[in-house]
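Novice: What shape does this take:
(one chain, ligands or ions: 1)
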Amino acid sequence: MKWFVPGPVPVNDSVLEGMQKPMISHRSPDFRATFLDCTQKLEQVFKAPDAAQAYCITGSGTLANEAAVANLVPETKTLCLVNGEFGERLYQACRIYNPEGTQALHIQDGKGINAERAAKAIEEQKPDWVCMVQNETATGVTNDVKGVASVAKKNGARILVDAVSSLGGMELDCKGWGIDACTSASQKSLAAPPGLGFVMVSSEAMQEIESKKRIPTYGLDLKRYKKFYERNETPYTPSLPTFYGLQNALQELFEEGLDARIQLHEDAARMAREAVEATGFENFAEQGFQSATITAFLTDQAKEIKNALAKQGIQIAGGQGVWKEKMLRIAHIGPQECRSMAHCTEALMRVMHPTELVTAQ
Ligand SMILES: Cc1ncc(COP(=O)(O)O)c(C=O)c1O
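Specialist: Residues are numbered from 1 along each chain as shown. The predicted model follows:
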C-alpha cells in the first residue's frame, strides 16, 4: 500500500534504523548531543528569531499546541482565526485556558485567511495574541500567515502559528514574518516518526511567560522546558526512538536542502491539483490559498473512490468533521509521498474511468 495521508507519513530507512538504537539515559552526553543537533536544526527550519528556542515535547502536534496555548494565552486577550477543523481545535484549546479572554473570527471553510480578512477583527478587538493555523489540513487551505502577522504587529499583537502540517513543506519564516510562537510535529513534512511536538518561542514571548502570575499546567510549563533546554535536555523522559528518528530525518532534510524540499512539495501539489481537475473535480481551496501539502476536493462518491483506490494499493484520506463523508484529501507531505505522487494521480485517473468505479462498488 502507498500512503497519501496527512501523517504519520512514510519515513526513509535511515530514520527507521535510527529508531533501533539502544535506549540510554536522557541525562547522558550521547542524548545531549542528539538533543542539540535536533533543536539547532529545527530552529533553522522554523527560521526562528534570534534567541528563540524550540522545545521538543513528547507527544503529538495537539500537545505542542496545548503547551503553547497553556503558557501564552492565560491572562491575555486572544483572537483565534478559524477556517477549518484545526483552527477550531486551536480555538477550543484557547477557550480552556482563557474562557473569558478568547474570541474567534470564523471564516468559511475553503476560503483563505489573509491580512484583509483578518484586519477588521484585529483592529477592533486589539488582542494581545492572534492564533491561527498556517496550513488547514482539514481542507487543504494555506493561510497567508505573513500578511496576518504584519497586521497583528501593526496593532501591537503577538502571533501564535500552528505549523503542524506546513513546517518543512512550505515557506515559513518566523523571524522575517515576526512570528512569536510556532508549533509543529515530527510526523508530517519533516518525515520523522510520530511522537514529538515542537514549540518555538521567541525570547520576548518567553519573557511574557516568565512574567505571568500562574501557568495553569505542570507537565507543559515551558519555563521548565527552557531550564532543561539550556543543558540540552528535556525536563521529563523523552521518546528516545523518536528523537533518533528525527535526528536522521533532519539530517536528510539538510542534505537535500530546505528549498529543494519545499519545491518537491510544490511539484507534487501541482500534480495532485492537475489530476483532481482532469478527473472533473474542483479543488476545495480557494484560488491563491491552495496548499502545497494537501489537495482536497468534494465528491458524493467519497467512499467508493477511496475503496477503488485502495484496491489499487493507494490510500488517500477522507474528510474530517463536517466534511467526513463528502470530501477526499490527497496528501503530499514528506519526501516519500511527494516522490510517488504519480502513482496516486495515475490511479485516480484509472478509477475515475466510469467502468472502474462501478466495478469497485
Ligand atoms: C494543522 C494541524 N494542527 C494540529 C494537528 C494535530 O496534530 P496531532 O494529530 O499530531 O496531534 C494536525 C494533525 O493533523 C494538523 O494538521
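
Novice: okay, CA-based contacts and neighbour counts for the rest of this
Specialist: OK.

Novice: Pull out the buried positions in stretch 138-156.
Specialist: The neighbour-count check on stretch 138-156 (16 or more other CA atoms under 10 Å) flags 138-153, 155 as buried.

Novice: Checking the residue lying closest to Ile57 once chain neighbours are set aside next. Helix, strand or coil?
Specialist: Of all residues beyond its chain neighbours, the one nearest Ile57 is Gly197 (5.0 Å), with distances taken as CA to CA, 6 or more residues apart in numbering. What DSSP: H, G, I helix; E, B strand; the rest coil gives for Gly197 is strand.

Novice: show me the contacts for Gly197.
Specialist: 56-64, 183-186 (CA atoms under 8 Å, 6 or more residues apart in numbering).

Novice: So which of those sit within strands?
Specialist: Among the contacts of Gly197, the residues falling in strands (DSSP state E) are 56-58, 183-185.

Novice: follow-up on the earlier one: so which of the contacts of Gly197 also contact the ligand?
Specialist: Residues of the contacts of Gly197 in contact with the ligand (CA under 6 Å from any ligand atom): 60-62, 185.

Novice: Report the backbone C-alpha coordinates of stretch 72-81 in PDB.
Specialist: Provided in PDB are the C-alpha atoms of stretch 72-81 (Å, rounded to 0.1, in the frame of the first residue of the first chain):
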ATOM      1  CA  LEU A  72       0.900  32.100  26.300                       C
ATOM      2  CA  VAL A  73      -2.900  32.700  26.300                       C
ATOM      3  CA  PRO A  74      -3.800  32.900  30.000                       C
ATOM      4  CA  GLU A  75      -4.300  36.500  31.300                       C
ATOM      5  CA  THR A  76      -4.500  37.900  27.700                       C
ATOM      6  CA  LYS A  77      -7.000  39.000  25.100                       C
ATOM      7  CA  THR A  78      -6.700  36.400  22.400                       C
ATOM      8  CA  LEU A  79      -8.200  36.300  18.900                       C
ATOM      9  CA  CYS A  80      -8.400  32.900  17.100                       C
ATOM     10  CA  LEU A  81      -8.700  33.000  13.300                       C
END
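
Novice: right, is it up against the ligand?
Specialist: No. Figure legend: stretch 72-81 not in contact with the ligand (CA under 6 Å from any ligand atom); closest approach 12.9 Å.

Novice: List the buried residues for that stretch?
Specialist: 72-75, 77-81.

Novice: Out of these, the closest to Ile316 would be?
Specialist: Proximity of the buried residues of stretch 72-81 to Ile316 (CA to CA) peaks at Leu81, which lies at 27.7 Å.

Novice: looking at this, the closest one is in a strand?
Specialist: Yes. The assignment for Leu81 by three-state DSSP puts it in a strand.

Novice: That one against Trp129, yeah?
Specialist: No. Under the criterion of CA atoms under 8 Å, Leu81 lies out of contact with Trp129, with a separation of 10.8 Å.

Novice: Next, the contact list for Asn248, please.
Specialist: With contacts defined as CA under 8 Å, 6+ apart, Asn248 is in contact with 14-15, 18.

Novice: please redo it, this time with the cut-off set to 6 Å
Specialist: Val15 (CA atoms under 6 Å, 6 or more residues apart in numbering).
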